[in-house]
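[1] Provide a 3D model corresponding to the input given below.
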Amino acid sequence: MGGYPEDVLHDLGEEEWFAANPSADAAETATPIDFLGINYYSRHTVAAGAGAVTEPSAHPGSESVRFIETGAPRTQMGWPIHPDGLVDVLELANSRRPDLPLYITENGAAYEDAVIDGEILDEERRRYIEQHLAACSDALRRGLPLRGYFVWSLIDNFEWARGYTRRFGLVCVDYETQRRTVKHSGRWFAYFLAGRAAASNPESAAK
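    Presented below is the predicted three-dimensional model:
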């Protein structure tokens, strides 16, 4: 059945508008999907809030919860690093739609990249990706139908409200000259993928 969840419309304050403007795309939203793509960057640990809600929340519908500090390291975006949360999300998605293959369609981290002798040494980003790839391996060992993983992103780009001040890329972009430079994380990821390909095809590895 197509449509928009009533609780979401309530949280966004759009109940009256949708009531006055019935959606014409119900058939499209009810079309079966072939897979489920998940964008995962971080997780939040929360607890019940204390007292009445006094101000708007950046997370509509979550005004009455408190965000708990876990002590985990954070990216430049301020997001705590919890690779195990990726497995939790995959397990949740699979429990609700066990018939669907799953893909991590976005996963990555922004950091202030250090440029030393022309090299971009972004070890923190490399480590972030390595940890989340390990989480993907854990998911596969648990039998979850994970079919693919995509890093966000190939190159530095415009990041919504943060503009060009946050860099997620495996490849650095000089925004003035448009010159591209592969970062340490990008070279590492290429080696990782080459090793995976060789492991899955012993004949190619022997050449």
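[2] for this structure, which segments count as strands?
    Secondary structure of the chain, counting by DSSP state E: strands at 36-39, 45-48, 65-68, 102-106, 115-116, 119-120, 146-149, 171-173, 180-182.
[3] and the fourth one, which strands flank it?
    If you go by DSSP bridges, strand 102-106 pairs up with strand 36-39 (parallel), strand 146-149 (parallel).
[4] export those to a markdown table and tack on distance to residue 28?
    Any C-beta I mention is one placed from the backbone N, CA and C, and that applies to glycine too. Shown next, in a markdown table, are these (distance: least, C-beta to C-beta, whole Å):
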| stretch | distance to residue 28 |
| --- | --- |
| strand 36-39 | 17 |
| strand 146-149 | 24 |
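[5] adding mean neighbour count, write the ones you listed out as CSV.
    Output for the strands paired with strand 102-106, formatted as CSV (neighbours: other C-beta atoms under 10 Å):
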stretch, mean neighbour count
strand 36-39, 15
strand 146-149, 16
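[6] in JSON lines, list these along with mean pLDDT.
    Output for these, formatted as JSON lines (pLDDT from 0 to 100):
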{"stretch": "strand 36-39", "mean pLDDT": "98"}
{"stretch": "strand 146-149", "mean pLDDT": "98"}
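[7] for residue 197, which of those is the nearest?
    Of all those, strand 146-149 sits nearest to residue 197, with 14.0 Å by C-beta to C-beta.
[8] elements contacting the lengthiest helix in the chain?
    If you go by DSSP state H, the chain has its longest helix at helix 123-141. Secondary-structure packing of helix 123-141 (3 or more C-beta pairs under 8 Å, 6 or more residues apart in numbering; DSSP states H and E): helix 84-96, strand 146-149, helix 184-200.
[9] how about the ones you listed, which one is nearest residue 114?
    Set against residue 114 and scored by C-beta to C-beta, the helices and strands packed on helix 123-141 come closest in helix 184-200, at 9.5 Å.
[10] what angle sits between the closest one and helix 123-141?
    Interaxial angle, helix 184-200 versus helix 123-141 (axes from the mean of the first three to the mean of the last three C-alpha atoms, to 10 degrees): 30 degrees.
[11] which secondary structure elements does helix 184-200 contact?
    Packing partners of helix 184-200 (3+ C-beta pairs under 8 Å, 6+ apart): helix 123-141, helix 202-206.
[12] of those, which is nearest residue 182?
    helix 123-141 (12.1 Å).
[13] nearest spatial neighbour of the residue nearest the centre of the chain, skipping sequence neighbours?
    Taking C-alpha atoms, centre = their mean, the centroid of the chain lies closest to residue 40, which sits 2.6 Å from it. Spatial nearest neighbour of residue 40, excluding adjacent residues (C-beta to C-beta, 6 or more residues apart in numbering): residue 86 at 4.8 Å.
[14] over to residue 165?
    Excluding the flanking residues, the one nearest residue 165 by C-beta to C-beta, 6+ apart is residue 159, at 7.5 Å.
[15] mind checking pLDDT for the one you found?
    Predicted confidence (pLDDT) for residue 159: 94.
[16] contacting residues for it?
    Residue 159 sits next to 110, 165, 166, 168 when contact means C-beta atoms under 8 Å, 6 or more residues apart in numbering.
[17] residue 120 now?
    By C-beta under 8 Å, 6+ apart, the contact set of residue 120 is 113, 114, 172, 181, 182, 183, 184.
[18] this completes my enquiry, with thanks.
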